[in-house]
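Colleague: Any chance you can model this:
(one chain, ligands or ions: 1)
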Amino acid sequence: MAIKFRLGTRGSPLALTQAGMVRDALCAAHGWTADEVALVVIRTTGDRVQDRPLAEIGGKALWTKELDRALLDDEIDAAVHSMKDVETIRPPAIAIAAMLPRADVRDRLIGADSVADLAAGAVVGTSSPRRRAQLLRLRPDLTVVMFRGNVDTRLAKLAAGEADATLLAAAGLDRLGRDGVGRAIPTDTMLPAPAQGAVGIEVRSADAGAARIVAAIDDAATSACVLAERALLAGLGADCHSPVAALAALSGEMLTLRAELIAEDGSAFVEGSGEGTDGSLVAAELAADLLARAPEVVRRLFQP
Ligand SMILES: NCc1[nH]cc(CCC(=O)O)c1CC(=O)O
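Modeller: Down below sits the predicted model:
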C-alpha cells in the first residue's frame, strides 16, 4: 500500500474527526482505502496557548499558520480546516479547493433551555466577540466571562462551575458525538458566525492535481454560501475580533445572505440582508449597506 494523499490537520479531537470525514469522502470518491490517505497532525500556536484571549496572541492565523507552512513546504497535499477559523484573506499561494456538506449551522446553549430562560445576572462563558455581543444585546443583565479551549475543555469548565452556561457550535458537538448536549438556538435569535459548520480543504494554488482530487468531494451549495459569507467579511474588513454574524442560503440559483454587526457590549447593532445570483456581489453590496447604516459605535469596529 502506498500513500496516495497527505491531509494536514490540527490535533484536537474535533479537527481529527473532521480530517477523518475528509479522508472517508476522498476514499469514497476515488476508490482509495483509508490507509492510502495519511493524516498528518500539525501542532498550532492556538492549540498550545489556552489561557489568553485569541486577540492578544494574534487571532485566527494561530490556527492556520503552521498548516500553511506545512502545505507550502510540501509536507502535506491539502489542509483540513473549520472554515470558521480560516482568516478572511488567504495567501495567494493557497487556495480553498472544496468544502464538505455543511452541518447544523446553529449555536447550542448548554446550561439553560434558551437565552430567555437564563437566570437574571447569569454568568455565561465564551471567548467569541460575536456570541458575547449577541448575548448582551438580548440580555444586558448577563455577565460574560472568557472561556477558551477545545469543546471538552469548555464543557469541563462549565461542569466545574466556572459559568452557569456556555455556547458551542452544534456542528462541533454533533461531530464529537455530543448530539444530546445543549439546546439549539434558532438562527432568528442568534445568527451564527460566518462559515460556521463548514469543513474546508485547502491546497497549494499551483497544485492542479491536488485541486482536482479534492474538487471531487466539494459540496457546491456549501461552497457558494460559505464563500459569500467570507466575501462579506472581506467587504467589512472584518476578522475574528469582529462581532459579526452572517448566514447565506441557496434556493435554486438565488443566494440570500443575512448579516448583523453588533457593538461589543451589545448596546447597538445593524442588521440586513441581500439576495442575488452572484454571491460575491450580494456580499459586497450588503457589506456597504450595513456600514452605511451602522451606528457610529458599530461602524468604527470595521475598516474596509
Ligand atoms: N472557534 C473554534 C471552533 N471552530 C469551529 C468550531 C465548531 C465547528 C464548526 O463551526 O464548524 C469551533 C468550536 C465552537 O465554536 O463551538
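Colleague: Using the three-state scheme, assign Gly161.
Modeller: With DSSP: H, G, I helix; E, B strand; the rest coil as the basis, Gly161 sits in coil.
Colleague: tell me the phi and psi of it?
Modeller: Torsion angles at Gly161 (phi, psi; degrees, to the nearest 10) stand at phi 90, psi 10.
Colleague: ok, whatever residue of the stretch 1-150 of the chain ends up closest to the ligand - how many residues close by?
Modeller: Nearest residue of the stretch 1-150 of the chain to the ligand: Ser82, at 3.5 Å (C-beta to the nearest ligand atom). Heads up, the C-betas are built off the backbone N, CA and C, glycines and all. For Ser82, the count of nearby residues is 23 (other C-beta atoms under 10 Å).
Colleague: Let me know the distance separating it from Leu173.
Modeller: Using C-beta to C-beta, to the nearest Å, Ser82 is found at 13 Å from Leu173.
Colleague: what do you get for Ala93?
Modeller: Distance from Ala93 to Leu173, by C-beta to C-beta: 34 Å.
Colleague: who's more crowded, those two?
Modeller: Taking neighbours as other C-beta under 10 Å, Ala93 and Leu173 compare with Leu173 leading, 23 against 12.
Colleague: if I pick that one, what's in contact with it?
Modeller: Arg108, Val151, Asp179, Val181, Gly182 (C-beta atoms under 8 Å, 6 or more residues apart in numbering).
Colleague: now do 10 Å
Modeller: 14, 103-104, 107-108, 110, 151, 155, 179-182, 184 (C-beta atoms under 10 Å, 6 or more residues apart in numbering).
Colleague: Also Asp278?
Modeller: Ala228, Ala231, Glu253, Leu255, Ala284, Glu285.
Colleague: Apply 8 Å and report the result again.
Modeller: Asp278 touches Leu255, counting by C-beta under 8 Å, 6+ apart.
Colleague: Could you report the separation of it from the ligand?
Modeller: 25 Å (C-beta to the nearest ligand atom, to the nearest Å).
Colleague: Could you give the backbone dihedrals for that residue?
Modeller: phi -110, psi 100.
Colleague: And the pLDDT for it?
Modeller: For Asp278, the pLDDT comes out at 98.
Colleague: for Arg48, same thing?
Modeller: Arg48 is given a pLDDT of 61.
Colleague: Find the nearest non-adjacent residue to Glu253, please.
Modeller: Excluding its sequence neighbours, the residue lying closest to Glu253 (C-beta to C-beta, 6 or more residues apart in numbering) is Thr277, at 4.9 Å.
Colleague: ok, back up a step: bridged to the residue of the stretch 1-150 of the chain closest to the ligand, which residues?
Modeller: Val199 (DSSP bridges).
Colleague: Spit out the contact partners of it.
Modeller: Leu14, Ala15, Gln18, Gly172, Ala195, Ala198, Val199, Gly200.
Colleague: Likewise for Leu7?
Modeller: 19, 22-23, 26, 37-40, 76-80, 201.
Colleague: That one should be in a strand, yeah?
Modeller: Yes - counting by three-state DSSP, one finds Leu7 located in a strand.
Colleague: Which residues does it form beta bridges with?
Modeller: Leu39, Ala78.
Colleague: how near is it to Ile217?
Modeller: From Leu7 to Ile217 the distance is 11 Å (C-beta to C-beta).
Colleague: what touches both of the two?
Modeller: Common neighbours of Leu7 and Ile217 (C-beta under 8 Å, 6+ apart) are Val22, Leu26, Ile201.
Colleague: I'd say Leu158 and Val123 touch.
Modeller: No - using C-beta atoms under 8 Å as the test, Leu158 is too far from Val123 to be in contact (10.3 Å).
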